[in-house]
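J.: can't give you the sequence, but here's the structure:
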């Protein structure tokens, strides 16, 4: 609390959400100064600074690859074609904001032309792992009445089963064109990219009568930046530097249950099944 006091933040009460794991530090002024004062002050501890009045969220908009799952699906799919390093390099540059996302997606998918459709199911079964905390986050929020939308620059063949497994209301993603059991090397239009993610946030707010302050967006790559900046709480999750620098909150150490703690929910309130 001394750090908050020294930063001019008018600290008030404090208390544990879950003892030893998550705590609330209440203060009355200067949120930007509070974030600066607290980040890095407690070792490998994540800090989320927000209004206590709107911390409970009614809408979750989430990225998939490297956010709700532990891998980049296109990179893993490329491994079946023997070209993972080549495609992974393009993916990394696109997620860092060094390449245009749509152009980079077209280029990567073109390299997969001729890959067997059956390799998609193999990849899904063998390579795709749900991110720790994802199911608890989504299922807890939905149990409390929130809406949850998975919106991915990846592919429906992965996003739809992942969304069902985790518990999302709906999944939005790109469609790989397939003919005669093989990938054509093309993606159906329109491409789901940064604009789609932002539009999905706005559409969900309007459809369900939710205020922007009640929304939570989480992602890791440059194509997530627009929705992260527009949400009531925009979170960079183990993110690329360009995203981490711009987001209002970062989760660098914990798993996705940190976003339940950010809403003041102790472990006893989480829904895990």
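T.: Thanks, I have it. Because the structure is predicted, anything quoted here is derived from the model rather than measured.
J.: list the contacts of residue 175.
T.: Taking Cβ atoms under 8 Å, 6 or more residues apart in numbering, we find residue 175 in contact with 155-156, 187-188. (C-beta placed from N, C-alpha, C; glycine too.)
J.: please report how far it lies from residue 15.
T.: 48 Å (Cβ to Cβ, to the nearest Å).
J.: surely residue 77 meets residue 109?
T.: No. Applying Cβ atoms under 8 Å as the test, residue 77 and residue 109 come out as separate, 9.5 Å apart.
J.: so residue 200 touches residue 172, yeah?
T.: Yes. Counting by Cβ under 8 Å, residue 200 touches residue 172, with 6.0 Å between them.
J.: any common contacting residues for those two?
T.: Contacts common to residue 200 and residue 172, judged by Cβ under 8 Å, 6+ apart, are 149, 151.
J.: ranges for the strands of the stretch 151-273 of the chain?
T.: Ranges of strands within the stretch 151-273 of the chain are 170-174, 176-179, 182-187, 215-219, 233-237, 249-251, based on DSSP state E, counting those that start in this stretch.
J.: and the first one, what does it pack onto?
T.: Secondary structure elements in contact with strand 170-174, counted by 3 or more Cβ pairs under 8 Å, 6 or more residues apart in numbering; DSSP states H and E, are strand 147-155, helix 156-166.
J.: ok, back up a step: need the strands of the stretch 151-273 of the chain in a markdown table with mean neighbour count, distance to residue 41 and mean pLDDT, can you?
T.: Below are the strands of the stretch 151-273 of the chain laid out as a markdown table (neighbours: other Cβ atoms under 10 Å; distance: least, Cβ to Cβ, whole Å; pLDDT from 0 to 100):
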| stretch | mean neighbour count | distance to residue 41 | mean pLDDT |
| --- | --- | --- | --- |
| strand 170-174 | 21 | 38 | 98 |
| strand 176-179 | 15 | 46 | 98 |
| strand 182-187 | 18 | 45 | 98 |
| strand 215-219 | 29 | 23 | 98 |
| strand 233-237 | 26 | 19 | 98 |
| strand 249-251 | 23 | 14 | 97 |
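J.: out of these, nearest to residue 196?
T.: strand 170-174 (6.9 Å; Cβ to Cβ).
J.: re earlier: out of the strands of the stretch 151-273 of the chain, flag the one nearest residue 100.
T.: Nearest to residue 100, of those and by Cβ to Cβ, is strand 182-187 at 14.0 Å.
J.: between residue 77 and residue 109, which has more neighbouring residues?
T.: residue 77 (29 against 24; other Cβ atoms under 10 Å).
J.: excluding covalently adjacent residues, which one is nearest to the more buried one?
T.: Among residues not flanking residue 77 along the chain, residue 123 sits closest, at 5.0 Å (Cβ to Cβ, 6 or more residues apart in numbering).
J.: hmm, back to that, Throw the strands of the stretch 151-273 of the chain into a markdown table and include distance to residue 50, thanks.
T.: Below are those laid out as a markdown table (distance: least, Cβ to Cβ, whole Å):
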| stretch | distance to residue 50 |
| --- | --- |
| strand 170-174 | 26 |
| strand 176-179 | 38 |
| strand 182-187 | 37 |
| strand 215-219 | 10 |
| strand 233-237 | 6 |
| strand 249-251 | 7 |
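J.: for residue 117, find the nearest of those.
T.: strand 176-179 (5.2 Å).
J.: in its sheet, what does that closest one sit against?
T.: strand 182-187 (antiparallel) (DSSP bridges).
J.: from what I see, residue 116 and residue 182 are in contact.
T.: Yes. Counting by Cβ under 8 Å, residue 182 is a contact partner of residue 116 at 5.8 Å.
J.: between these two, what contacts are shared?
T.: If you check residue 116 and residue 182 against Cβ under 8 Å, 6+ apart, no residue is contacted by both.
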